[in-house]
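Visitor: pasting the sequence and the predicted model now:
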Amino acid sequence: MTDVNTLIEGAKSLGFTLTDEQINKFIIYKETLKDWNQKINITSIIDDIDIDIKHFIDSLTPLNTDLFTYGAKVIDIGTGGGFPGVPMKIVRDDLNMTLLDSLNKRIRFLNEVIDRLKLNNIIAIHGRAEELGRKKEYREKYDIAISRAVASLDTLVEYCLPFVKKGGYFISMKGPDFNEELKESEKGIKILGGKIKDTRVITLPKSDITHSLIIIEKIKETPTKYPRGGGKPKKKPL
């Protein structure tokens, strides 16, 4: 039987008392993840307790900021197995969630998750951030862009800030040692219309794992020449 007891206790430590419906959705999500992981490589984390802590509980930590207002429009960039977007959506059904990933096989997995969990106002999109961030239907349309362990921060800001509307936020979920990355990203954040608002260090409940949230506010529009194409955000960060 699939065990989510660690998730239930950890979520409670974060201030979220999961309902029976939410617990059942996490169980189905975990079972679907483990089943698909035998066919395609979604995650190297396959132990029940590790999934609870390193994927589910970790994904819920941004909700403890005061940035996710009711019905906020959120894009999870480089979502992979749906982290943090799907756990956030299970706990906060009011959010309007977009999951973006460059691998179509992950999108197929996510669509099955969305279908099996009967989630509404959530869509999985196959595409590259540096391309979609230039398209009118996605550019500066989101209250919050969020990304977890996808790339270095100086690259991520060019991928993510173009999606955020003025007055919105980009949240980068990082490990405990973020100061050097943050320093190297300051110039790019400013060029792209952002301003560092806050950094938070979090010890995940039921573990000694420390993660961080880097919160960047969008204070002005991103110049139209960004994001650059041809892999430049990664090859030559701003």
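Guide: Now that the structure is in, tell me what you want to look at. Numbering: from 1, shown residues only.
Visitor: show me where the protein has its strands.
Guide: For the chain, the strands defined by DSSP state E occupy 73-77, 96-101, 122-126, 142-148, 164-174, 194-203, 210-218.
Visitor: how long is stretch 121-130 from one end to the other?
Guide: Stretch 121-130 has an end-to-end distance of 24 Å (criterion: C-alpha to C-alpha, to the nearest Å).
Visitor: same question for stretch 91-105.
Guide: When the termini of stretch 91-105 are compared using C-alpha to C-alpha, they are 25 Å apart.
Visitor: repeat that for stretch 97-110.
Guide: End to end - C-alpha to C-alpha - stretch 97-110 spans 12 Å.
Visitor: thinking again about what came up before, and the strands of the chain as CSV, adding distance to residue 157, mean neighbour count and mean pLDDT?
Guide: Where C-beta positions appear, they are placed from N, C-alpha and C, glycine not excepted. Formatted as CSV, the strands of the chain follow (distance: least, C-beta to C-beta, whole Å; neighbours: other C-beta atoms under 10 Å; pLDDT from 0 to 100):
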stretch, distance to residue 157, mean neighbour count, mean pLDDT
strand 73-77, 11, 25, 98
strand 96-101, 16, 24, 98
strand 122-126, 20, 19, 98
strand 142-148, 10, 25, 97
strand 164-174, 7, 21, 97
strand 194-203, 7, 15, 96
strand 210-218, 7, 21, 97
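Visitor: lowest-pLDDT helix or strand in the protein?
Guide: Taking mean pLDDT, DSSP states H and E as the measure, the helix or strand of the chain with the lowest value is helix 232-235, at a mean of 91.
Visitor: by contact count, what packs against it?
Guide: Applying 3 or more C-beta pairs under 8 Å, 6 or more residues apart in numbering; DSSP states H and E, one finds that helix 232-235 makes contact with helix 153-160.
Visitor: which residues sit against the helix it packs on?
Guide: Contact with helix 153-160 is made by 77-78, 129-130, 133, 145, 147, 150-151, 170, 172, 174, 178, 181-182, 184-185, 188-189, 192, 194, 214, 216, 226-228, 233-234, 237-238, as judged by C-beta atoms under 8 Å, 6 or more residues apart in numbering.
Visitor: just stretch 201-213 next, same as before
Guide: Contacts of stretch 201-213 (C-beta under 8 Å, 6+ apart): 6, 9-11, 13-14, 49, 52-54, 57-58, 61-62, 65, 171-176, 178, 198-200.
Visitor: for it, the distance to its chain's centre please.
Guide: 16 Å (C-alpha atoms, centre = their mean, to the nearest Å).
Visitor: tell me what the longest helix along the chain is packed against?
Guide: Across the chain, the longest stretch assigned as helix under DSSP state H is helix 20-37. Under the contact definition 3+ C-beta pairs under 8 Å, 6+ apart, helix 20-37 sits against helix 5-14, helix 85-91, helix 104-116.
Visitor: buried residues in that helix?
Guide: The neighbour-count check on helix 20-37 (16 or more other C-beta atoms under 10 Å) flags 22, 23, 25, 26, 28, 29, 30, 32, 33, 34, 36, 37 as buried.
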